[in-house]
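Colleague: I would like the atomic coordinates for the input below:
(one chain, ligands or ions: 1)
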Amino acid sequence: MDLVLDLSDASTALSLPHIRYQLIRLEDTVLYHIIERAQFPLNATIYEAGAIPIPNSHLSFSDWVLREQEKLQSQIRRYQSPDEYPFFPDAMQPLLLPPLAYPKVLYPNDVNVNSELKRRYVSNILPGCCMKPARAERAEAQENYGSAATADVSALQALSRRIHFGKFVAESKFQSDPQTFIRLIKAEDRAGIDAAITDAKVERKVLERLRMKADMYGTDPGMNAEAPRKVDVDGVVAMYKDHVIPLTKVVEVEYLMQRLKGTEWE
Ligand SMILES: C=C(O[C@@H]1C=C(C(=O)O)C=C[C@H]1O)C(=O)O
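Modeller: Alright, predicted model coming up:
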């Protein structure tokens with residue numbers, strides 16, 4: 001949970017090549033956890049509020065497991081780290097360990113896209129990445145409900161971390177061209193900010209690399225070509241193309257929209 005990004009040196013933390021290297025490493029983490037989750041059937045029941053009775057809770061089984069994990073992890077400083085954001089901010093508990101003094105790298109902001117991420121994860125990402133029902137033995141396996149929900153926690157937290165890294169990218173880009181971004185922010189020109197932070201070449205390379213990794217990690221080396229895949233490769237690429245990259249850019253734009261608050265530029 002401590003930042004992989006070396007925050008002891010703010011200049012390193014805001015070097016775009018350094019941040020992009022971290023994003024590449026997070027691809028592996030995301031892919032690993034998606035593959036782990038995809039070994040279980042979709043188990044749509046665990047995402048349906050009320051489908052599995054939980055004492056004193058109206059949450060779905062998957063949401064309840066995630067919220068309980070976040071309660072515990074908040075006590076051991078997970079959400080002190082500027083690259084970790086909770087799906088259930090109301091679940092945060094008092095720290096058990098003394099607070100850590102992270103140097104100020106990001107400017108104050110309340111950007112958190114986890115609700116939208118979780119909605120897309122359940123409705124699009126997971127169905128797209130899991131083996132299609134025709135190939136999976138069945139769409140539900142009650143004995144895997146706990147394992148599937150546990151795997152969801154890891155996959156969602158890895159996706160959230162990758163997407164909210166957009167704040168570091170945005171701060172780095174702001175510092176490389178403050179005048180352009182101050183003009184766009186003051187004009188509340190979200191489309192202009194989105195265009196200014198977009199690097200289509202980098203996005204293409206991300207998707208090409210991800211397809212290769214999903215192809216490679218999604219099969220057991222040495223197995224014959226007909227062996228069942230662990231994950232749907234097109235689904236993994238669509239996860240990044242339609243959800244991870246767009247949400248990362250939403251984080252960048254919304255972080256920048258709040259960037260001037262409390263500064264002399266406001
Ligand atoms: C993260 C960046 O910003 C944008 C988002 C990207 C992504 O989510 O992969 C890639 C390029 C940019 O369009 C970046 O410039 O590296």
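
Colleague: What's the separation between the spatially closest residue to Ser74 that is not a sequence neighbour and the ligand?
Modeller: Beyond its immediate neighbours in the sequence, the residue positioned closest to Ser74 (Cβ to Cβ, 6 or more residues apart in numbering) is Met92, lying 4.5 Å away. Just so you know, the C-beta spots here come from the backbone N, C-alpha and C atoms, and that holds for glycine as well. When Cβ to the nearest ligand atom, to the nearest Å is applied, the distance between Met92 and the ligand equals 27 Å.

Colleague: Where do the strands of the stretch 51-200 of the chain begin and end?
Modeller: Counting by DSSP state E, counting those that start in this stretch, the stretch 51-200 of the chain forms no strands at all.

Colleague: Can you give me the neighbour number for the residue nearest to Ser74?
Modeller: Met92 sits with 15 neighbouring residues when counted by other Cβ atoms under 10 Å.

Colleague: okay but it is in contact with Arg77, surely?
Modeller: No - with contact taken as Cβ atoms under 8 Å, Met92 and Arg77 are classed as non-touching, separated by 11.2 Å.

Colleague: Just give me the neighbour total for the nearest residue to Asn124 once chain neighbours are set aside.
Modeller: Nearest residue to Asn124 in three dimensions, chain neighbours excluded: His243, at 6.6 Å (Cβ to Cβ, 6+ apart). The criterion is other Cβ under 10 Å. On that basis, His243 has 19 neighbouring residues.

Colleague: Give me the distance between His243 and Val30.
Modeller: The spacing between His243 and Val30, counted by Cβ to Cβ, to the nearest Å, is 11 Å.

Colleague: cool, and Ile193?
Modeller: The value you get for Ile193 to Val30, if Cβ to Cβ is used, is 25 Å.

Colleague: Kindly report the same for Leu117.
Modeller: As defined by Cβ to Cβ, Leu117 lies at a distance of 12 Å from Val30.

Colleague: tell me the pLDDT at the nearest residue to Ser147 once chain neighbours are set aside?
Modeller: Nearest-residue entry for Ser147: Phe40, 5.9 Å, with adjacent residues in sequence omitted and distances by Cβ to Cβ, 6+ apart. Among the per-residue scores, Phe40 shows a pLDDT of 89.

Colleague: and Phe40, what element?
Modeller: Assigned by DSSP states H and E, Phe40 belongs to neither a helix nor a strand.

Colleague: what distance separates the start and the end of stretch 239-246?
Modeller: End-to-end span of stretch 239-246 (Cα to Cα, to the nearest Å): 10 Å.

Colleague: Does it reach the ligand?
Modeller: Yes - using Cβ under 6 Å from any ligand atom, stretch 239-246 reaches the ligand at Ile245.

Colleague: these two touch, right, Leu247 and Val113?
Modeller: Yes - using Cβ under 8 Å as the test, Leu247 is close enough to Val113 to be in contact (5.3 Å).

Colleague: got the residues of the stretch 101-250 of the chain near the ligand?
Modeller: 169, 197-199, 202-203, 206, 245, 248-249.
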